[in-house]
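kindly generate the corresponding structure for this input.
(chains A and B)
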Amino acid sequence: MKIAFTAKNTDWDAVIDSRFGRTNYFVIYDEETRDLSFINNRDVQSEAHGAGPRTAQRFIESGVSILITGNGPGDNAAGMLTHAGVKVYIGAGGMNVKEAYQAYLNNKLKQII
Amino acid sequence: MKISIASGKGGTGKTTLAVNLAAYLALEHDVILADLDVEEPNSGLFIHGNKTYEQAVYRMIPEWDSEKCSLCSLCTEVCAFHAISRVHDDILVFPQLCHSCYACSELCPVNALPMVQKKIGTLKQFESGKLTLIESILDIGEEQAVPLIKQAIQFADESFPEETIRIFDAPPGTSCPMVEAVKHADKVILITEPTPVGLYDLQLAVETLQALQKAFVVVLNRYDIGNSHISEFCRDKQIPLIATIPNQRKIAECYSRGELLYHTIPEVKFALDQILEYFHIPLQAS
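You can find the predicted model right below:
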């Protein structure tokens, strides 16, 4: 299973970005191959409007179906993620990617979608 | 003559000045007061007229026709506001992000995004002697004030003779709604107060109006509190500071009862006379 994390950087030590729409990166862990990769989302910073849907579009196109983040997406993005069947877990704000993955494995995060 | 009354900071006296200036002018002139603070219009608390007109206000948004759609995704690429997204085989429209530009609808090769009406608010007209109040109010849950402000100004333009004096009570701040409420005006009055936040937000408003190339003046409310930084700022920037209103308990009492001030507060009448003199609008009663 591939799992994505909203993060301020691109590795295991990267701090989780609490925001969905304006996250700098998605760090993606593939549990089968144990590969860590990332999607660069930094260009969204320059958007005045609609960062949530734009980021959601990009995320959905990646095909990853589990998302771990901090505060959770706003209504527009949440609608898209729901429509796409993505599972969203929140409450990882302040952790790094490694800690967030552990918290996910230990059922410490809250699933909202 | 179109005069917008704006401010960077909220609560500095836009509505107080707008209703008093409009009612005072209406002693002798035909005046329209348009309350463009459509998220919470309150000029109507001070102008007690008879309602003579009411209409719903709409804006246009695209509606997806799944039967016609060929899923080319062009709409999602042309939307500057990311108000349309594709999720697998569906196109999702987010009305609150849509700016009604028609790009998606016009460019769709198979006409799968016809524009449809969406109600966003209500426009009402009240009359009290020579004064007409136009009050627009945004529906609860609507995020975009600009289309409603635009239509209220258009209504004021088209429904009354050109020589009628128009006073626009603008929303606070310096974002799109404020810009819409000042960009049609001949002159803008910025009303502020002598506090650090009053000065900071005045500077933002001044920068906004300069970018819009609008002529503007400043009125200083509660001039006898705080410090002299506003008057120094106006002097340095060569911005006309055309009138001042004092900080008086009696003004707050009248305001709290929904009363106009120029009848009972000589300093307010004096400030209004100074403003009219600056704009060369004669009033025999003054």
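
would you mind naming what in chain A lies close to chain B?
Proximity of chain A to chain B, by Cβ under 8 Å from any Cβ of the partner chain, involves residues A:47, A:49-54, A:56-57, A:60, A:76, A:79-80, A:83-84. Heads up, the C-betas are built off the backbone N, CA and C, glycines and all.

skipping adjacent residues, who's closest to residue B:29 in space?
Excluding the flanking residues, the one nearest residue B:29 by Cβ to Cβ, 6 or more residues apart in numbering or on different chains is residue B:165, at 5.5 Å.

let me fix that, I meant to ask about residue B:4.
Among residues not flanking residue B:4 along the chain, residue B:185 sits closest, at 3.7 Å (Cβ to Cβ, 6+ apart).

so residue A:68 makes contact with residue A:7?
No. With contact defined as Cβ atoms under 8 Å, residue A:68 does not count as touching residue A:7 (9.4 Å).

checking the residue of the stretch 51-200 of chain B found nearest chain A next. Helix, strand or coil?
Going by Cβ to the nearest Cβ, chain A is nearest to residue B:82 of the stretch 51-200 of chain B, at 2.9 Å. Following DSSP: H, G, I helix; E, B strand; the rest coil, the label given to residue B:82 is coil.

count of neighbours near the spatially closest residue to it that is not a sequence neighbour?
Leaving aside its sequence neighbours, residue B:82 sits nearest to residue A:50 (Cβ to Cβ, 6+ apart; 2.9 Å). Neighbour count for residue A:50, taken as other Cβ atoms under 10 Å in any protein chain shown: 25.

pretty sure residue A:50 contacts residue B:92?
No. Counting by Cβ under 8 Å, residue A:50 stays clear of residue B:92, with 12.0 Å between them.

ok now do the residue of the stretch 51-200 of chain B closest to chain A, which residues does it touch?
Applying Cβ atoms under 8 Å, 6 or more residues apart in numbering or on different chains to residue B:82 gives the contacts A:47, A:49, A:50, A:51, A:52, A:53, A:54, A:57, B:94, B:97.

give me the longest helix you can find in chain B.
helix B:196-211 (DSSP state H).

can you give the contact residues for it?
Outside helix B:196-211, the residues that reach it (Cβ under 8 Å, 6+ apart) are B:6-9, B:12, B:174, B:178-179, B:182, B:188, B:190, B:192, B:216, B:218, B:226, B:229-230, B:233, B:237, B:239.

so for the residue nearest to residue B:82, what's the pLDDT?
Here the pLDDT value assigned to residue A:50 is 87.

ok, now the one 5 residues further on?
Looking at residue A:55, its pLDDT stands at 95.

who does residue B:241 form a beta bridge with?
Using DSSP bridges, the beta-bridge partners of residue B:241 come out as residue B:218.
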